[in-house]
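A.B. asks: From the sequence below, what's the structure:
(2 chains)
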Amino acid sequence: MIEPVRWWSNAEIADIMDRIGDLVEVSEKEGPFQVRAYHRAADNIRHLEEDIVRVWQDDRLENIPGVGKAIAKKIDELMRTGHLRFLENLEQEVPSGVLDMLSIPGVGSKKARLFWQSLGITGVEELKKAAEEGKLRTLPGMGKKSEQRILEGIAALQSIPDRIPLGIARPLALGMLDALREALPDVILKSELAGSARRWRETVGDLDLLVAATDPMPIMDAFSNLHQVKEVLLKGETKTSVRLQNGLQVDLRVLPLERWGTALQYFTGSKAHNVALRGLALDMGWSLSEYALKRTDTGEERLCTTEEEVYELLGLPWIPPELREDRGEIQAAQEKRLPRLVEVSDLRGQLHGHSDWSDGRATLEEMAEAARSRGYEYFLISDHSVGLGMTNGLDAGRLREQRKLIDSLNRRWSDFRILAGIEVEVKADGSLGLPDEALAELDVVVAAVHTGLNQDRKTLTHRAIAALRNPNVDILAHPTGRLLGKRKGGDFDMEAILQEAAHLGKIVEVNSQPSRLDLNDVNVRRAMEIGVRISISSDAHRPSDLDNIVYGVATARRGWAEPENVVNTWPLRRLLEWIKRK
DNA sequence: GCCGTTTTCGGCCCGACTGTTTTCAGTCG
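C.D. replies: Take a look at the predicted model:
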């Protein structure tokens, strides 16, 4: 098999395509459709379920949606030579600082080019200086106000956060909606979270709130005055945008109730899903906007009060927001083979939880009662094993002690059971933190890599696979070890690990901690395709953590997981039989 | 640059808000 001169990640190739898109736009080498083609290819590559190196090795690049001959050839050059002449030529022509200006709010390709070509500005600092000296206002289409906005944009650049975890953004958004409803109970007819937060993306770049009302301005005023709001960015009759104290941008749209369906559909996105849906609508003679479906020939308007009506008019069943990423869901809907996605209510048990025997904050009894009170039939206690320094991990002796407590607690209930388990450490050489004899006595063994995540790809992958091959190991926890916003996760060969799990019938975890969500949606989708069973686990360290399960379920849903694929939807007996027979 | 049971050429989603404009371009989502 042909090897690339270096291992390109999907994200790196995607970044290069985005960069080419920006460069050809600013240089005006190509028109808007070519620009969009590069960004579309970038998006699809970034969310590819397989490693692009493998796709390249199999000569399947052109099977990637949005990748044709020209882009495939560029990727091929990167794989074979490690660089791309086309990109280098563009970079010769456009100074890199010109692209940096694009990240300033209010500066797009046209303005960036204008500043560069007419004033020779090639960076954010130079632009700031020119604005302060009043040079920008002399340019065509610019004025005093635009100049001021650019200065504000540059100042904001530092305080604008990258995408923030859904676990922070979603409660924030729901709180703002509650506050609006409370302030204006008679004016607000309907309200909902839209955008990527409604699609349960793992991180969000901004928040979209949607409200139905006949009189928008009181709502816009109340919204602008919420205590979380730091500044109002723009304010109109249908749309108001604000920036919060924490830097997050929130957009509020107000629309009449009779247009709720098209509006909610539109503002939920994703952009790619909407573009595809609009294309489909056009084929059927409809122009779709947030306000209505409109016949392109007669101009007749069809209003939709629900999303279901929108999809129905286009001949489709309603598509759950988690699937709306233009990753095959529209075609699946057309062919009536949308998955029946797993729901929180499908879950019968919690697999993977901690107590104060290791680093948890509650007793085993409290954790068990918390799980039971939430309607679960079983709870796997899987405290850390020795080998992970700071967590007061269990050795074989303490594990036996804990087992006695579990047995005595289990005599208390007829409708609930604590499963004895461990989150056993996978050491740097792939061996486990506890001897096989100790593991063999447990109901369920969860294995996890916590340390040495910066080892090379081969070593890391070997560790995970060695753990899976231990006959006592049942579940591989948070497989990549990433922490959103803090740590990228190890350079594991996930394809090889998932294939091994499928082969051995081992279970791979979807960890529900908002900072983990590991496996992520893309990896879950791949796991589904090759028949890997997953567990959705809260990894709770205190009772309230059990409620994080909604994020894991959402991640599994975004990966098209059905209840059958999720082992903790199964009755306990089936789960234990599955684990025993492998 | 990509894509095709209407097309291998000619299309490619739609609208709000702002600022600089007397009718529109740029940016954003």
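A.B. asks: All the helices of the stretch 151-300 of chain A, in order from the start?
C.D. replies: Applying DSSP state H, counting those that start in this stretch to the stretch 151-300 of chain A gives helices spanning A:166-183, A:195-198, A:217-224, A:260-268, A:271-283.
A.B. asks: From the centre of chain A, point out the most distant residue.
C.D. replies: Distance from the C-alpha centroid of chain A, by Cα atoms, centre = their mean, peaks at residue A:138 (43.5 Å).
A.B. asks: Residue A:428 versus that one, what's the distance?
C.D. replies: 63 Å (Cβ to Cβ, to the nearest Å). Heads up, the C-betas are built off the backbone N, CA and C, glycines and all.
A.B. asks: what residues are up against residue A:90?
C.D. replies: A:20, A:23-24, A:27, A:29 (Cβ atoms under 8 Å, 6 or more residues apart in numbering).
A.B. asks: likewise residue A:438?
C.D. replies: Taking Cβ under 8 Å, 6+ apart, we find residue A:438 in contact with A:396, A:399.
A.B. asks: and it, that's in a strand?
C.D. replies: No: under DSSP: H, G, I helix; E, B strand; the rest coil, residue A:438 sits outside any strand and is assigned helix.
A.B. asks: Can you pull the residues of the stretch 401-550 of chain A lying near DNA strand B?
C.D. replies: Residues of the stretch 401-550 of chain A lying close to DNA strand B (Cβ under 7 Å from any atom of the strand): none.
A.B. asks: re earlier: DNA strand B is nearest to which of the helices of the stretch 151-300 of chain A?
C.D. replies: helix A:271-283 (3.7 Å; Cβ to the nearest atom of the strand).
A.B. asks: so what secondary structure elements neighbour the closest one?
C.D. replies: Where contact means 3 or more Cβ pairs under 8 Å, 6 or more residues apart in numbering; DSSP states H and E, helix A:271-283 is packed against helix A:260-268, strand A:286-288, helix A:329-334.
A.B. asks: Name the surrounding residues that touch the helix or strand bottoming out on mean pLDDT in chain A.
C.D. replies: Lowest by mean pLDDT, DSSP states H and E among the helices and strands of chain A is helix A:144-159, with a mean of 84. With contact meaning Cβ under 8 Å, 6+ apart, helix A:144-159 is reached by A:103-107, A:124, A:127-128, A:131-132, A:134, A:136-137, A:243, A:247.
A.B. asks: Drop anything exposed from the contacts of residue A:90.
C.D. replies: A:20, A:23-24 (16 or more other Cβ atoms under 10 Å).
A.B. asks: Distance to residue A:577 and mean neighbour count for the helices of the stretch 151-300 of chain A - can I get that in TSV?
C.D. replies: Listed next are the helices of the stretch 151-300 of chain A as TSV, based on distance: least, Cβ to Cβ, whole Å; neighbours: other Cβ atoms under 10 Å:
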stretch	distance to residue A:577	mean neighbour count
helix A:166-183	35	17
helix A:195-198	38	23
helix A:217-224	54	18
helix A:260-268	41	24
helix A:271-283	40	16
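A.B. asks: Serialize the ones you listed to JSON lines and add fields for distance to residue A:548 and mean pLDDT.
C.D. replies: Putting those into JSON lines (distance: least, Cβ to Cβ, whole Å; pLDDT from 0 to 100) gives the following:
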{"stretch": "helix A:166-183", "distance to residue A:548": "7", "mean pLDDT": "93"}
{"stretch": "helix A:195-198", "distance to residue A:548": "16", "mean pLDDT": "95"}
{"stretch": "helix A:217-224", "distance to residue A:548": "29", "mean pLDDT": "93"}
{"stretch": "helix A:260-268", "distance to residue A:548": "23", "mean pLDDT": "95"}
{"stretch": "helix A:271-283", "distance to residue A:548": "27", "mean pLDDT": "89"}
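A.B. asks: Turn those helices into TSV, including distance to DNA strand B.
C.D. replies: Output for the helices of the stretch 151-300 of chain A, formatted as TSV (distance: least, Cβ to the nearest atom of the strand, whole Å):
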stretch	distance to DNA strand B
helix A:166-183	14
helix A:195-198	7
helix A:217-224	9
helix A:260-268	7
helix A:271-283	4
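A.B. asks: one step back: could you measure from the residue farthest from the centre of chain A over to residue A:355?
C.D. replies: In terms of Cβ to Cβ, residue A:138 sits 69 Å off from residue A:355.
A.B. asks: in the stretch 401-550 of chain A, which spans are strands?
C.D. replies: Secondary structure of the stretch 401-550 of chain A (DSSP state E, counting those that start in this stretch): strands at A:417-425, A:444-448, A:475-476, A:507-511, A:533-537.
A.B. asks: could you dump the helices and strands packed on helix A:271-283 to JSON lines with distance to residue A:112?
C.D. replies: Output for these, formatted as JSON lines (distance: least, Cβ to Cβ, whole Å):
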{"stretch": "helix A:260-268", "distance to residue A:112": "28"}
{"stretch": "strand A:286-288", "distance to residue A:112": "32"}
{"stretch": "helix A:329-334", "distance to residue A:112": "34"}
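A.B. asks: excluding its backbone neighbours, what's nearest residue A:316?
C.D. replies: residue A:333 (4.4 Å; Cβ to Cβ, 6 or more residues apart in numbering).
A.B. asks: contacting residues for that neighbour?
C.D. replies: For residue A:333, the contact set (Cβ under 8 Å, 6+ apart) comprises A:311, A:316-317, A:319.
A.B. asks: and with 7 Å instead?
C.D. replies: By Cβ atoms under 7 Å, 6 or more residues apart in numbering, the contact list for residue A:333 reads A:316-317, A:319.
A.B. asks: got it, and residue A:500?
C.D. replies: Taking Cβ under 7 Å, 6+ apart, we find residue A:500 in contact with A:465, A:468.
A.B. asks: hmm, 8 Å instead?
C.D. replies: Counting by Cβ under 8 Å, 6+ apart, residue A:500 has contacts A:465, A:468-469, A:506.
A.B. asks: now residue A:162
C.D. replies: A:203, A:205, A:485.
A.B. asks: burial count for the second one?
C.D. replies: The reference is to residue A:205. 15 (other Cβ atoms under 10 Å).
A.B. asks: my guess is it contacts residue A:160, does it?
C.D. replies: No: the criterion here is Cβ atoms under 8 Å, and residue A:205 misses it with residue A:160 at 9.5 Å.
A.B. asks: Overlap in contacts, those two.
C.D. replies: Counting by Cβ under 8 Å, 6+ apart, the shared contacts of residue A:205 and residue A:160 are residue A:249.
A.B. asks: so what's the backbone phi/psi at the spatially most central residue of chain A?
C.D. replies: Chain A has residue A:202 as the residue nearest its centroid, 3.0 Å off, counting by Cα atoms, centre = their mean. Phi and psi for residue A:202, reported as degrees, to the nearest 10, are phi -70, psi -30.
A.B. asks: and it, how far is that from residue A:285?
C.D. replies: Residue A:202 is 37 Å from residue A:285, by Cβ to Cβ.
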